[in-house]
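A.B. asks: no sequence on hand, only this structure:
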């Protein structure tokens, strides 16, 4: 876990990839904007946004690059 300002990241893998976990009906642009903010604040280039509230996990994964 890592901290960005007053927010708490879910995970940073290998010091390079931010992983943000959700369990929501839909991954909206708000969640994407949140992850982009984390990327900018940490100067990382890649994030994976994962929504566990889907029938097939592969449908709940979104790659976000800065």
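C.D. replies: Looks like it arrived, so ask away. Values in this document were obtained by computation on a predicted structure and should not be read as measured data. Residues are numbered from 1 along each chain as shown.
A.B. asks: could you check how far residue 41 is from residue 53?
C.D. replies: 26 Å (C-beta to C-beta, to the nearest Å). Using the backbone N, CA and C atoms, a C-beta is placed for each residue, glycine as well.
A.B. asks: the more surrounded of the two?
C.D. replies: Taking neighbours as other C-beta atoms under 10 Å, residue 41 and residue 53 compare with residue 41 leading, 15 against 11.
A.B. asks: checking that one next. Helix, strand or coil?
C.D. replies: helix (DSSP: H, G, I helix; E, B strand; the rest coil).
A.B. asks: and stretch 35-52, end to end?
C.D. replies: Start and end residues of stretch 35-52 are separated by 16 Å (C-alpha to C-alpha, to the nearest Å).
A.B. asks: just stretch 8-27 next, same as before
C.D. replies: 19 Å.
A.B. asks: ok, and for that stretch, which residues are buried?
C.D. replies: 9, 12, 18, 20, 22, 27 (16 or more other C-beta atoms under 10 Å).
A.B. asks: and the residues you listed, which two are furthest apart?
C.D. replies: Longest distance between any two of the buried residues of stretch 8-27 is 19.7 Å, between 12 and 27; criterion C-beta to C-beta.
A.B. asks: are we agreed that residue 32 is in a helix?
C.D. replies: Yes: assigned with three-state DSSP, residue 32 falls within a helix.
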